[in-house]
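A.B. asks: Make a model of this:
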Amino acid sequence: MTFDEFSKLSLEDKVYKVFEHGYEVMGRQFLYFDIKLYSFFDFYVELWYLPSVNKIDRVDILSMDEVLQLYKHEFDISGLFD
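C.D. replies: Numbering: from 1, shown residues only. Predicted coordinates for the structure are as follows:
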């Protein structure tokens with residue numbers, strides 16, 4: 001699936017596709033949301049889950065630069081410098 005094909009899907013279809021073909025990479029929290037990052041074909045996708053209402057509120061497509069910026073504190077590269 002391409003970036004363009006995915007972006008044209010409904011929210012519900014995006015969620016199903018990510019659960020079916022995506023690989024969870026890591027997660028983070030922002031305000032009231034639990035956000036999960038998925039590797040999905042050749043790009044990354046975030047699912048924004050709102051636990052208080054048990055609902056996925058949005059699905060965002062991220063570039064590699066956005067992933068690195070948002071998750072930079074999650075990467076431990078200290079072992080590369082031993």
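A.B. asks: And Phe43, how close does it get to Ser52?
C.D. replies: Here the criterion is Cβ to Cβ, to the nearest Å. By it, Phe43 lies 29 Å from Ser52. Yep, even glycine has a C-beta here, placed from its N, CA and C like the rest.
A.B. asks: Could you list every helix and strand that the worst-scoring helix or strand of the chain on mean pLDDT packs against?
C.D. replies: Using mean pLDDT, DSSP states H and E, helix 64-71 stands out as the lowest-scoring helix or strand of the chain, at a mean of 83. Contacts defined by 3 or more Cβ pairs under 8 Å, 6 or more residues apart in numbering; DSSP states H and E place helix 64-71 against strand 23-30, strand 43-50.
A.B. asks: How about it, which residues are buried there?
C.D. replies: Val67, Leu70, Tyr71 (16 or more other Cβ atoms under 10 Å).
A.B. asks: Switch the helices and strands packed on helix 64-71 over to a markdown table; also include distance to Glu12 and mean pLDDT.
C.D. replies: Below are those laid out as a markdown table (distance: least, Cβ to Cβ, whole Å; pLDDT from 0 to 100):
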| stretch | distance to Glu12 | mean pLDDT |
| --- | --- | --- |
| strand 23-30 | 19 | 91 |
| strand 43-50 | 12 | 95 |
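A.B. asks: Please identify the most buried of the ones you listed.
C.D. replies: With neighbours defined as mean count of other Cβ atoms under 10 Å, the helices and strands packed on helix 64-71 peak in mean count at strand 43-50, which reaches a mean of 19.
A.B. asks: If I take that strand and helix 64-71, what angle do their directions form?
C.D. replies: Strand 43-50 runs at 40 degrees relative to helix 64-71, counting by axes from the mean of the first three to the mean of the last three Cα atoms, to 10 degrees.
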